[in-house]
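[1] Fold the following and give me the result.
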Amino acid sequence: MFEYDLTKYYNNNFKIAGVDEVGRGPLAGPVVSCAIIMPNDKFIEGIKDSKKLTEKKRIALDEEIRQEAIAIGIGVVDERTIDEINIKQATRLAMKIAVENLQDKNGKNLSPDVTFIDAENIDLNIRQESLIKGDDICYPIACASIVAKVYRDNLFIDFDKEYPGYDFLNNKGYGTKKHREAILELGVTPIHRHSFLKKLLGKK
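    Numbering: from 1, shown residues only. Purely as a prediction, here's the structure:
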């Protein structure tokens with residue numbers, strides 16, 4: 001049961017988009033956002049903030065969400081852009097791209113009537129509501145958090161093959177002890193965020 005009540009929007013048959021991101025904190029890889037419009041009259045059991053789900057459960061729910069979603073958009077902003085404009089601006093950009101990429105199953109672009117975002121504002125001329133802990137209290141944002149998380153995790157399956165030794169399959173770019181030690185031993189890869197490595201590498 002989600003705390004934030006969307007009944008008035010559902011009753012007016014609004015197209016409601018939830019938007020969330022994943023990957024603000026890692027040392028490597030892009031920040032990924034998902035925008036999603038779910039049906040107003042059908043809800044998937046077990047949906048919650050992606051951080052509160054096991055990987056197995058996230059993957060299962062991701063499939064179910066994708067089957068039921070009216071429209072999905074993904075926004076990916078790479079590590080080079082993160083270094084150039086900082087992670088906050090990169091996150092907002094990824095969210096904007098995700099909303100602009102909203103498409104239904106036939107590839108038709110859809111624009112939401114209102115967008116609910118996890119603790120951010122997007123530079124778009126669309127009605128939007130920023131919710132603190134939105135992925136915890138708002139159903140469409142929680143759905144977006146799951147799809148974004150699974151999408152980004154899947155990128156690291158390929159990164160792990162391309163850059164062996166960094167344990168990307170398990171750390172997803174986050175700064176685990178094994179990951180930090182690998183950076184010091186093997187060096188920096190093209191997917192590392194240089195602006196996040198200054199302390200580790202002793203640079204100013």
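
[2] Can you name the residues that contact residue 152?
    Taking C-beta atoms under 8 Å, 6 or more residues apart in numbering as the criterion, residue 152 is in contact with 22-23, 29-30, 32, 172. Where you see a C-beta, it was placed from the backbone N, CA and C, and this is true even at glycine.

[3] Looking at the residues you listed, spot the one nearest residue 7.
    Closest to residue 7 out of the contacts of residue 152 is residue 22 (28.2 Å), distances taken as C-beta to C-beta.

[4] That closest one bridge partners, please.
    When bridges are assigned using DSSP bridges, the partners listed for residue 22 are residue 32.

[5] residue contacts, it?
    Here residue 22 is in contact with 31-33, 50, 145, 148-149, 152 (C-beta under 8 Å, 6+ apart).

[6] Report the separation between it and residue 104.
    Using C-beta to C-beta, to the nearest Å, one gets 23 Å for the distance from residue 22 to residue 104.

[7] Next: residue 79.
    The gap separating residue 79 from residue 104 is 31 Å, by C-beta to C-beta.

[8] out of the two, which sits in the more crowded spot?
    When residue 79 is set against residue 104 and neighbours are counted by other C-beta atoms under 10 Å, the residue ahead is residue 79, at 24 against 13.

[9] tell me the mean pLDDT for the lengthiest helix in the chain?
    Of all the segments of type helix in the chain, defined by DSSP state H, the longest one is helix 139-162. Helix 139-162 shows an average pLDDT of 97 in the prediction.

[10] Can you name the element that comes right after it?
    Tracing the chain past helix 139-162, the next element assigned as helix or strand by DSSP states H and E is helix 168-171.

[11] how about the contacts of residue 22, which pair is most distant?
    With C-beta to C-beta as the measure, no two of these lie farther apart than 31 and 50, at 14.5 Å.

[12] What residues of stretch 11-19 count as buried?
    Neighbour counts using 16 or more other C-beta atoms under 10 Å place 14-19 of stretch 11-19 among the buried residues.

[13] With just CA atoms, put it into PDB.
    Coordinates of each C-alpha in stretch 11-19 appear next as PDB, following Å, rounded to 0.1, in the frame of the first residue of the first chain:
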ATOM      1  CA  ASN A  11     -10.600   9.500 -11.300                       C
ATOM      2  CA  ASN A  12      -9.800  12.100 -14.000                       C
ATOM      3  CA  ASN A  13      -8.200   9.400 -16.100                       C
ATOM      4  CA  PHE A  14      -4.900  11.300 -16.200                       C
ATOM      5  CA  LYS A  15      -1.800   9.700 -17.800                       C
ATOM      6  CA  ILE A  16       0.500   9.600 -14.800                       C
ATOM      7  CA  ALA A  17       4.200   9.100 -15.200                       C
ATOM      8  CA  GLY A  18       6.500   8.000 -12.500                       C
ATOM      9  CA  VAL A  19      10.200   8.900 -12.800                       C
END
